[in-house]
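> below is the structure, and that's it, no one-letter string:
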Ligand code: PMP
């Protein structure tokens, strides 16, 4: 009998015993092509010798020093590396242990910024209905999944939501991308005004929506228009790139491609590539200076922030990505993956949309391709596809149901950046078979 408190105790899970490149191996010897990278985490695959070596070396030198006593060379080097390539204006990296913690830190930093700068009325956060920002109480409160929030509502701050940028479902036929983006920006503006122009602290959005919508990338101009609305009302823009960042879209930071810089950027997952738990919040100089010149103390922190081994792993991950020119591979293999999926599913009655950027790809499944009618949530299509894919030796990340903002079943693919042309064709073949 297992004594692990499993998240889903009724589910029988295989036991993972090893990992080699893009494959995970279970205790029966079965190999699974890891086309989900866990949950968009394992960007370098498993057992990468350079990362293992970096972890070993750091463990021999210094594993841990509490941040109230020391900084470390490795944490400083990682911060420099992240900021050197960060979107314009982002100047400071605050380390945490994962994605929810990065979002939690961002919410608290935004709030504290306004307290320090004499605008304590700014207390509201606006996010989007189709979003996931984490499972800690603050991140959960702003996330879009009503069903996730439901049991905890009495202990959550109220979240405020606007429409996501979801062209497949929401862009009207008579509307250009520009008009659609404008309509969404107008909706955000109206919500800010409704809540009170001086009362909103920040707008929070995933640059490319991951788990709740299957690689939903914004239309051209959307983020710029959103940025302009935020600026008009003095609202901070927080971009959550916990899934979409760190090279996943073919750019180190996904918002680079949109030419937009947030005030705060959240990253995690691919940062440690699964070798170590680590995340970070990157903040603008203006925000940092307000804290330094104000109380001089960010009222947030955890015991393991800036952990030396986690920083060493993340630093080596960044170096491998650069040395092996992996972002070029992400872009090329991503194009191939989408093209190949489109060819494979061209006539499939239940494949509605194939989308994404880089190796962050979504396949939306529908009951009727023409009306875009989703499957009934009771069919639990996503769970069935996950099972059928695993039986075929493929790990993909299906999500779904039609409950609140989640209007369709979809499969998210986020394979490692190291995958080859042949690996991509195998992913498409196995997924095609499962679907
Ligand atoms: N934000 C986004 C966009 C995510 O996808 C996730 C995790 N799926 C999180 C935040 C939370 O990250 P973690 O699970 O590491 O706490």
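Received the coordinates, thanks. These numbers were taken from a predicted model, which means no experiment stands behind them.
> show me which residues of this protein sit near the ligand.
Taking CB under 6 Å from any ligand atom as the criterion, the chain approaches the ligand at residues 39, 98-100, 103, 132-134, 206, 210-211, 240, 242-243, 268. Where C-beta positions appear, they are placed from N, C-alpha and C, glycine not excepted.
> closest to the ligand among those residues?
When the residues of the chain next to the ligand are compared for distance to the ligand (CB to the nearest ligand atom), residue 99 wins out at 2.1 Å.
> quick one: the closest one and residue 134 touch, right?
Yes. Under the criterion of CB atoms under 8 Å, residue 99 lies in contact with residue 134, with a separation of 5.5 Å.
> ok, the residue nearest to the spatial centre of the chain - contacts?
The centre of the chain sits closest to residue 243, judged by CA atoms, centre = their mean, with a distance of 2.1 Å. For residue 243, the residues meeting the contact criterion (CB atoms under 8 Å, 6 or more residues apart in numbering) are 39-40, 99, 206, 208, 210-211, 269, 360, 414.
> which residues touch stretch 33-41?
Around stretch 33-41, the neighbours that count as contacts under CB under 8 Å, 6+ apart are 19, 22-24, 42-43, 45-46, 210-211, 243-244, 248, 269-270, 272-274, 360, 393-397, 412-416, 423, 426-427, 430-431.
> hmm, back to that, which ones are touching the residue nearest to the residue nearest to the centre of the chain when sequence neighbours are not counted?
In space, residue 243 comes closest to residue 210 once its chain neighbours are excluded; the distance is 3.5 Å by CB to CB, 6 or more residues apart in numbering. Contacts for residue 210 (CB under 8 Å, 6+ apart) come out as 40, 132, 242-244, 360, 412.
> pLDDT-wise, what's the bottom of these?
Going through the contacts of residue 210 one by one, the lowest pLDDT turns up at residue 132, 94.
> tell me if I'm right that residue 66 and residue 304 touch.
No. Residue 66 is not in contact with residue 304 according to CB under 8 Å; the separation is 9.4 Å.
> who has more neighbours, those two?
Each of residue 66 and residue 304 has its neighbours counted (other CB atoms under 10 Å); residue 304 has more, 17 against 11.
> just checking, which of the contacts of stretch 33-41 belong to helices?
Counting by DSSP state H, those place 423, 426-427, 430-431 in helices.
> how about the residues you listed in a markdown table, adding pLDDT?
Listed next are those as a markdown table, based on pLDDT from 0 to 100:
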| residue | pLDDT |
| --- | --- |
| 423 | 98 |
| 426 | 98 |
| 427 | 98 |
| 430 | 98 |
| 431 | 98 |
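> which of those has the most neighbours?
Ranked by neighbour count (other CB under 10 Å), these have residue 427 at the top, with 26 neighbours.
> quick one: least confident helix or strand in this protein?
Within the chain, judged by mean pLDDT, DSSP states H and E, the helix or strand with the poorest mean is helix 146-149; its value is a mean of 87.
> that one: which residues count as buried?
Neighbour counts over helix 146-149 (16 or more other CB atoms under 10 Å) mark residue 149 as buried.
> packing partners for that helix?
Of the remaining helices and strands, those touching helix 146-149 by 3 or more CB pairs under 8 Å, 6 or more residues apart in numbering; DSSP states H and E are helix 137-142.
> quick one, strands of the stretch 301-435 of the chain?
For the stretch 301-435 of the chain, the strands identified by DSSP state E, counting those that start in this stretch occupy 351-357, 360-365, 394-395, 397-399, 409-413, in order along the chain.
> can you give me the angle the longest one makes with strand 360-365?
Going back to what we said before, that points to strand 351-357. Following axes from the mean of the first three to the mean of the last three CA atoms, to 10 degrees, one obtains 170 degrees for the angle between strand 351-357 and strand 360-365.
> could you say what helices and strands strand 351-357 packs with?
With contacts defined as 3+ CB pairs under 8 Å, 6+ apart, strand 351-357 has these neighbours: helix 167-170, helix 326-344, strand 360-365.
> most tightly surrounded among these?
For the helices and strands packed on strand 351-357, ranked by mean neighbour count under the definition mean count of other CB atoms under 10 Å, the leader is strand 360-365 at a mean of 26.
> parallel or antiparallel, list what pairs with that one.
Paired neighbours of strand 360-365 in the sheet (DSSP bridges): strand 351-357 (antiparallel), strand 409-413 (antiparallel).
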